[in-house]
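> how would this look folded up:
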Amino acid sequence: MKFAMKTLVATAAFVAAGVANANSVSLLANGTVTESGYTLSDLIGTDTLTFSSTLIGALNAGKVQVAGVAPATTTVTYKTNAATKVVSISSASAAAPVTSLSADLTGTTLTVTGAGTAGGSLQSALTTNISTTGGSLKILNLSVDLTARKVYADLVGANGVGTRNNVWLWDIATVTGPTALDLSLASAGGGVMSLTNTRSGLTINPAAFDLFATAMGLTANGITSLKTVTDFGTIVSTVSLKVTPAVPEPSTYALMGLGLAGLGLAARRRRAR
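Got it, this is the predicted structure:
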């Protein structure tokens, strides 16, 4: 009996240790990964960046135009001042497809730690005015680190900025909504699981601010206007993936049976003694 109790305690400790350790998982949109008894595949999703009203105000001050860079798409609405007939941006957003997902798998809990997207948006200052001497900037391939709450991006800018990869662009103030999935809820034959969360309060990193100002050819007035933007907007992320629990091989059941039989035989021998 003591032997059996020791075996159970040791087994429980082993299982607890396994549950406590997190396994890192990286899944591509067209990929498949198997970890800890689960197969993950068919990743799809969209990260939608909605520009804040203060950012739109700064863009309007420089008469900046906004367009999408494929495969991302932008939605821009305009308004016309009744008195001056000046047309300006009323709202703007960019929706980019999710191309990769990183997560930690602890037991049956898959906690998303980051995501990558493709495409982005283009800001163009085509005319010289009080805020800019002209320029452009592409913000591409956002990469969100939910653990550090940072957003990185590839930048392609005019006025000597050129191409800059994986630039620390924004800090995230708050994350609301679920960031984890309970894989034990997946059906035996596999099923689609999804989650949606919002990353808000995007504040620009000083080095990225300087690149933005240079690429857009901002004047002193333009820089002052951009500095008033303390919140660049929000990112709403929606992702889904297929989760398929692994089916144990017949040999696994056979080994379990042999193990139990061995324990029973050992216990019977001790009783005989």
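> quick one: residue 48 from residue 111, how far?
Note on residue 48: its distance to residue 111, by C-beta to C-beta, to the nearest Å, is 22 Å. Where you see a C-beta, it was placed from the backbone N, CA and C, and this is true even at glycine.
> then residue 59?
Distance from residue 59 to residue 111, by C-beta to C-beta: 36 Å.
> and those two? Which one has more around it.
Neighbour comparison, residue 59 and residue 111: the larger count goes to residue 59, with 23 against 16 (by other C-beta atoms under 10 Å).
> got a pLDDT number for the residue nearest to that one when sequence neighbours are not counted?
Spatial nearest neighbour of residue 59, excluding adjacent residues (C-beta to C-beta, 6 or more residues apart in numbering): residue 89 at 6.0 Å. Per-residue pLDDT puts residue 89 at 98.
> for residue 89, helix, strand, or coil?
strand (DSSP: H, G, I helix; E, B strand; the rest coil).
> elements contacting the host helix or strand of residue 236?
In this structure, residue 236 sits in strand 233-245 according to DSSP states H and E. For strand 233-245, the packing partners by 3 or more C-beta pairs under 8 Å, 6 or more residues apart in numbering; DSSP states H and E come out as strand 38-51, strand 87-106, strand 109-117, strand 135-145, strand 191-204.
> sheet-wise, list the partners of the shortest one with their directions.
Looking back up the chat, that one is strand 109-117. The strands beside strand 109-117 in its sheet (DSSP bridges) come out as strand 87-106 (antiparallel), strand 135-145 (antiparallel), strand 180-182 (antiparallel).
> how far away is residue 238 from residue 204?
25 Å.
> which of these two has more residues huddled nearby?
Using other C-beta under 10 Å as the criterion, residue 238 and residue 204 rank with residue 204 on top: 22 against 16.
> quick check: that one touching residue 232?
Yes. Here residue 204 reaches residue 232: they are 6.2 Å apart, a contact under C-beta atoms under 8 Å.
> quick one on the thing from earlier: who does the strand holding residue 236 pair with, and is each partner parallel or antiparallel?
Strand 233-245 is paired, per DSSP bridges, with strand 38-51 (antiparallel), strand 191-204 (antiparallel).
> how about a markdown table for those strands, with distance to residue 31 and mean pLDDT added?
Below are those laid out as a markdown table (distance: least, C-beta to C-beta, whole Å; pLDDT from 0 to 100):
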| stretch | distance to residue 31 | mean pLDDT |
| --- | --- | --- |
| strand 38-51 | 7 | 98 |
| strand 191-204 | 16 | 98 |
